[in-house]
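> Pasting the sequence and the predicted model now:
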There are 2 protein chains.
Amino acid sequence: MTTTSPTAQSAQNSSVPPRLSELVDRHREVIDQAVAAIGSREFYSRYPESPSPRVYGEDAARAGEAAYSAHLGKRYEALADQPAPAGWVGSEVSPYGPELGITYPHYGEGDLDELLAAVRAAVPAWRDAGAQARAAMCVEIIDRINARSFEMAHSVMHTTGQAFVMAFQAAGPHAQDRALEAVAYALVEQRRVPEQVVWSKPGKGEPLTMTKRFHIVPRGIGLVIGCNTFPTWNSYPGLFASLATGNGVVVKPHPRAVLPLAITVEIAREVLRENGFDPNLVVLAAEEDGEGLAKPLALRPEIGIIDYTGGPTFGTWLERNAHQAVVYTEKAGLNTVVVDSTDNLKGLTSNLAFSFSLYSGQMCTAPQNVYVPRGGVDTDQGHLSFDEFAEALATAVQKLTGDDAKAVGILGAAVNRDIVSRADGAGSLGRAVLPSRSVTHPDFPDATVRTPALVAVDASDEAYLSECFGPVAFLIATDSTAESLKRFVETVREHGAMTASVYSSDESVLDAAEQAAMDAGVALSMNLTGGVFVNQSAAFSDFHGTGANPAANATLTDGHYVSGRFRVVQSRRHA
Amino acid sequence: MTTTSPTAQSAQNSSVPPRLSELVDRHREVIDQAVAAIGSREFYSRYPESPSPRVYGEDAARAGEAAYSAHLGKRYEALADQPAPAGWVGSEVSPYGPELGITYPHYGEGDLDELLAAVRAAVPAWRDAGAQARAAMCVEIIDRINARSFEMAHSVMHTTGQAFVMAFQAAGPHAQDRALEAVAYALVEQRRVPEQVVWSKPGKGEPLTMTKRFHIVPRGIGLVIGCNTFPTWNSYPGLFASLATGNGVVVKPHPRAVLPLAITVEIAREVLRENGFDPNLVVLAAEEDGEGLAKPLALRPEIGIIDYTGGPTFGTWLERNAHQAVVYTEKAGLNTVVVDSTDNLKGLTSNLAFSFSLYSGQMCTAPQNVYVPRGGVDTDQGHLSFDEFAEALATAVQKLTGDDAKAVGILGAAVNRDIVSRADGAGSLGRAVLPSRSVTHPDFPDATVRTPALVAVDASDEAYLSECFGPVAFLIATDSTAESLKRFVETVREHGAMTASVYSSDESVLDAAEQAAMDAGVALSMNLTGGVFVNQSAAFSDFHGTGANPAANATLTDGHYVSGRFRVVQSRRHA
């Protein structure tokens, strides 16, 4: 190797203004920590998940609720400085009852030329700021989102139906950590290419010497298509990965979960403006419910990146039609549990009961299909027949959700009528082990809340072969654990899954399950009987989705999720 | 950070047999060097490009030619141990005249079940060998390919029409370096995920502690679709990137350039067999000329990765139809030169003349469109009018290619009749500045050889707006260098380009060209007047293609080119 040292991409901030330079210095340590964490995948978190006043301040909860309430019934004026909207739009209704009555800037299909031109115009300065400055700007945005976590929690609660504590954690600190994780990946990816190098090829006479420069070039405007149930957690990785790699972003929220992303976009624009960037780098594109703005947006030539979470029909359409863009999708699947045996029946049943109940099964990671040998299950409480095991699970669900006041803190509310229909109609799908129960919310009498239904079916049935999004789980009788694993692999390969879980006190079964998970291409949790649930994935450590089965074509977050968002354009000349 | 040290993915060779373990040790140093080189992008090469006897041995040239000749007129028996073929196929004819008369195992569309099942069966052991062992195996394969570089040179010469020295260099050491580069990227990508980690989340009581394992899982069988002109250089990055990331590979050569890839596959299978792996991990799928086997192969569910070099029609078809696979394509484009001014007219004209002439412009990197201000060009020999500049360029081409015996060493032979038609018909596309000349090859009278044609057109014409593959270059008159740059950006954005080049003695023009190259998304060479040509890209330093314009959707080679070839499947359990 020669001694010529290549210049790191991260150092290309020579023209950074003093204020931005201060920001870069301020956030350097956290960025270094986040970069270390994605390398080791050990525990790391920047944003405390506890809504405790000791963490967020004595007044934070009250102020956050007040800030939320102040949005209600008004135009979202903080976004009035977006490119001139054609009008204002909004029809959010809380799953807990009240109408939000907030309106947001609206752009129809005919207004996209102007909107996208405004985003495009903001890109060159952002591109030229360099990777390190962009990372610092993103951290600043996320920090400020964190400071508004209580306001965000109420906003998410009243658009998704999540219970308050979950809305705080999942849509707040957990989503913020996922955002920071994406920023760290983006920086690492961009740093891998030196900014400049002297290339010297030895030859007969003088060496052939060239100076080469490598420019990070953004791929094209990112389009983030939000979902109704996790508007921030599922949108932040794509939003921040695209931003951190130099792209502008159009955020197209689900028409029923706009507010959390409006707050997010407001903060991003505020930080951009303060630091001398054009705030139109990030815009919100709200729409009428049913308007279908995502389709024309997705096909625009200006859009180079699409991040989508939602149903498989539109996800597959995006993958097959938005040829001009790189498309990252998270769709649907059959999350699976294989029960073989356990030395902790109580832990197993209470853990699964919680996973079924949490946010009424309205998580893309909630388990749906539970394979159980029809001959029953060996446990620390003796051998249980299939029916006895089913009964034990039903009892655990009843115990967890028996008290309405406590139950709503876990179940949240149904995000739409389809969820209720599925819960109420679950009995028709097989033999009802436990019917769904209607729960009355003590504070919100208009909320529709349902407990999980458990349905027993045979492996030869078909009801469990499609996603039944909501509080419905199938107990599927198989000939043996070997058949359970075989069906697990087959169904996940065909229909996809975000999560899988196995219970066995036999190491050889766990090994076989791990092999099966590799064949199926889905992450596996083993013997969860305590405070970790299959629904949960920890930022900086657990990969969410694998890209190896039809449920998602990417992972949150790895290098591949980020590296397609920019390209390298080099130049070379004789030195 | 805790002190728990994650286990590196590269160390997961605990079950590696002694012989393979020795191979891993033997190639560790070169792998480390290659990994360092892709990080710095400084000069690095493992495989000497000089065919000198001092480098490759006194007998190497003779033995290589003999080895090539021994293939002629026979079945390629070294591949007879592939899965039972339906028959044998082959119709290669040298662009220099002779029929090769070699046949290869043949599988029709109806035989793919068996062929792909055989590849699939070989994958688990390869997957489980681990990333470091796979990298070492790949280096061993490439080293043995290198040892057969003379045989390869003759094989490539007589399938592509490349002149011998170019066939030696481009299809030998240069392709081998590109292969090693892909192996290094693959290893780096896989190493980024630890094999195992202990995750410990602090809480109120005991920390929540889990052991997590991260498995590298191959994406699916790789399909490498070779091209006629660069069967090894363009195939090796995909072939070795897929292999090194744990996948099996089906190599589908161009029907007129099979032999170079047959030799490659033979060597890969030999190294696999010697080290206890199933050789069916890598198979050759030759076909009749015109059979169209690539299409059914590309749609097979077993195929998870496709690497393609060739025409844009089939490349676009692959991108839009092979939904089950990740598709990497290199298609066609309008490689562009912008001439503004020069302080070295002689260097400019001789450099460009060589770029036009090398392999008769049959390189995906050969310049085609040369923008020149209609008011002329300032040079170190005074101001030249457009016509005077065109004349200077024509003179340089004539000087370089005037002597038939010397010219064929640069021009090679036309790979097919279309090339000849384009050269001969170039005059109809504009005003002939220099007509193509037919050259007689002193050793191969049946070879068709043409010198480059230069055609003058106006920027408002359309002839130069599609690829004219072969020895034809357009001199395009523009109002100014500003217009040249504008047209450069527009045409490359729409039609793509693999290379671009600018000549100017004005730094502000060079800066503007660099910005234009970023906007167009194409690599730029500046003021090449010596021994570096725009057609050439150096392994480990220059990125070939950007993925940022329609000519290619990927880069040879960067992390993104490799990271989509595998996925990570994790498992977790309480520690």
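Perfect, thanks for sending it. Numbers count the residues shown, from 1 in each chain, chains lettered A, B, ... in the order given.

> where does chain A have low pLDDT?
In the predicted model of chain A, residues A:1-16 satisfy pLDDT under 70.

> what does the domain assignment say about it?
If you go by automatic domain parsing, the domain ranges for chain A are A:18-51+A:58-331, A:336-526.

> Now render these as CSV, adding mean neighbour count.
Where C-beta positions appear, they are placed from N, C-alpha and C, glycine not excepted. Output for the domains of chain A, formatted as CSV (neighbours: other CB atoms under 10 Å in any protein chain shown):
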stretch, mean neighbour count
domain A:18-51+A:58-331, 21
domain A:336-526, 21
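
> Turn those domains into a markdown table, columns for distance to chain B.
As requested, the domains of chain A are exported to a markdown table (distance: least, CB to the nearest CB, whole Å):
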| stretch | distance to chain B |
| --- | --- |
| domain A:18-51+A:58-331 | 5 |
| domain A:336-526 | 4 |
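
> Residue B:454: which of these is closest?
The closest of the domains of chain A to residue B:454 is domain A:18-51+A:58-331. By CB to CB, the value is 27.3 Å.

> Run the chain-centre distance for that closest one.
Taking CA atoms, centre = their mean, to the nearest Å, the mean C-alpha location of domain A:18-51+A:58-331 is offset from the chain mean by 12 Å.

> circling back to that earlier point, can you tell which of the domains of chain A is closest to residue B:172?
When the domains of chain A are ranked by distance to residue B:172, counting by CB to CB, first place goes to domain A:18-51+A:58-331 at 17.1 Å.

> Can you tell me the element the closest residue to residue A:98 other than its chain neighbours falls in?
In space, residue A:98 comes closest to residue A:158 once its chain neighbours are excluded; the distance is 7.2 Å by CB to CB, 6 or more residues apart in numbering or on different chains. Secondary structure assignment for residue A:158, by DSSP states H and E: helix A:149-160.

> Which strands or helices does that helix pack on?
helix A:60-71, helix A:164-171, helix A:259-274 (3 or more CB pairs under 8 Å, 6 or more residues apart in numbering or on different chains; DSSP states H and E).

> what about stretch A:44-53, how long is it end to end?
Chord length of stretch A:44-53, first to last residue, is 22 Å (CA to CA, to the nearest Å).

> Make sure the residue nearest to residue A:98 is actually in contact with residue A:97.
No. Shown here, residue A:158 and residue A:97 do not form a contact pair, counting by CB atoms under 8 Å, at 9.0 Å.

> Locate the residue of chain A with the greatest distance from its centre.
With CA atoms, centre = their mean as the measure, chain A has its most outlying C-alpha, relative to the mean C-alpha position, at residue A:205: 57.4 Å.

> who's in contact with the residue nearest to residue A:98?
Contacts here follow CB atoms under 8 Å, 6 or more residues apart in numbering or on different chains; on that basis residue A:158 touches A:68, A:92, A:94-96, A:98, A:100, A:259.

> For the residues you listed, work out which two are farthest apart.
A:68 and A:95 (15.1 Å).

> and residue A:30, that's in a helix?
Yes. Residue A:30 forms part of a helix when assessed by DSSP: H, G, I helix; E, B strand; the rest coil.

> who are the neighbours in contact with it?
Listed by CB under 8 Å, 6+ apart, the contact set of residue A:30 reads A:46, A:139, A:180.

> Closest to residue B:527 out of these?
Minimum separation from residue B:527 among the contacts of residue A:30 (CB to CB) is found for residue A:139, which lies at 40.8 Å.

> Tell me who's in contact with the closest one.
A:27, A:30-31, A:180, A:183.

> Can you tell me which of the helices and strands packed on helix A:149-160 is nearest to residue B:342?
helix A:259-274 (42.6 Å).

> on that earlier part again, same list (the contacts of residue A:30) but as TSV, adding secondary structure.
TSV is the format used below for the contacts of residue A:30 (three-state DSSP):
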residue	secondary structure
A:46	coil
A:139	helix
A:180	helix
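
> how long is stretch A:46-65 from one end to the other?
Using CA to CA, first and last residues of stretch A:46-65 are 23 Å apart.

> any idea how far that stretch is from the chain center?
Its chain's C-alpha centre lies 23 Å from the corresponding centre of stretch A:46-65 when counted by CA atoms, centre = their mean.

> Mind telling me what element residue A:199 is part of?
Once you assign secondary structure using DSSP H and E, residue A:199 falls within strand A:196-201.

> and that strand, what does it pack onto?
Taking 3+ CB pairs under 8 Å, 6+ apart as the contact cut, strand A:196-201 packs with strand A:208-218.

> Name every strand pairing with the next helix or strand after the strand it packs on and say which way it goes.
Following strand A:208-218 in sequence order, the next helix or strand is strand A:221-225 (DSSP H and E). The partner list of strand A:221-225 in its sheet, established with DSSP bridges, is strand A:249-252 (parallel), strand A:303-309 (parallel).

> hmm, back to that, for residue A:546, which of the helices and strands packed on helix A:149-160 is the nearest?
If you check each of those against residue A:546 by CB to CB, helix A:164-171 wins as the nearest, at 20.7 Å.

> Just the CA coordinates for that closest one, please, in CSV.
These are the backbone C-alpha positions of helix A:164-171, laid out as CSV (Å, rounded to 0.1, in the frame of the first residue of the first chain):
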residue,chain,number,x,y,z
PHE,A,164,-51.3,5.8,25.7
VAL,A,165,-48.2,4.1,27.1
MET,A,166,-47.7,2.1,23.9
ALA,A,167,-48.3,5.2,21.8
PHE,A,168,-45.6,7.0,23.9
GLN,A,169,-43.1,4.3,23.6
ALA,A,170,-43.6,2.8,20.1
ALA,A,171,-44.3,6.0,18.3
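
> follow-up on the earlier one: mind putting the strands paired with strand A:221-225 into TSV with distance to residue A:63?
Compiled in TSV, these are given as follows (distance: least, CB to CB, whole Å):
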stretch	distance to residue A:63
strand A:249-252	25
strand A:303-309	30
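
> Which one of those lies nearest to residue A:451?
Scanning these with CB to CB as the criterion, the closest one proves to be strand A:303-309, at 25.7 Å.

> immediately after that closest one, which helix or strand?
The element immediately downstream of strand A:303-309 (helix or strand, assigned by DSSP H and E) is helix A:312-321.

> Give the other helices and strands that that next one contacts.
The elements that helix A:312-321 packs onto, with contact taken as 3+ CB pairs under 8 Å, 6+ apart, are helix A:294-298, strand A:303-309, strand A:326-330.

> and the first one, what other elements does it pack with?
This means helix A:294-298. With contacts defined as 3+ CB pairs under 8 Å, 6+ apart, helix A:294-298 has these neighbours: strand A:221-225, strand A:249-252, helix A:312-321.
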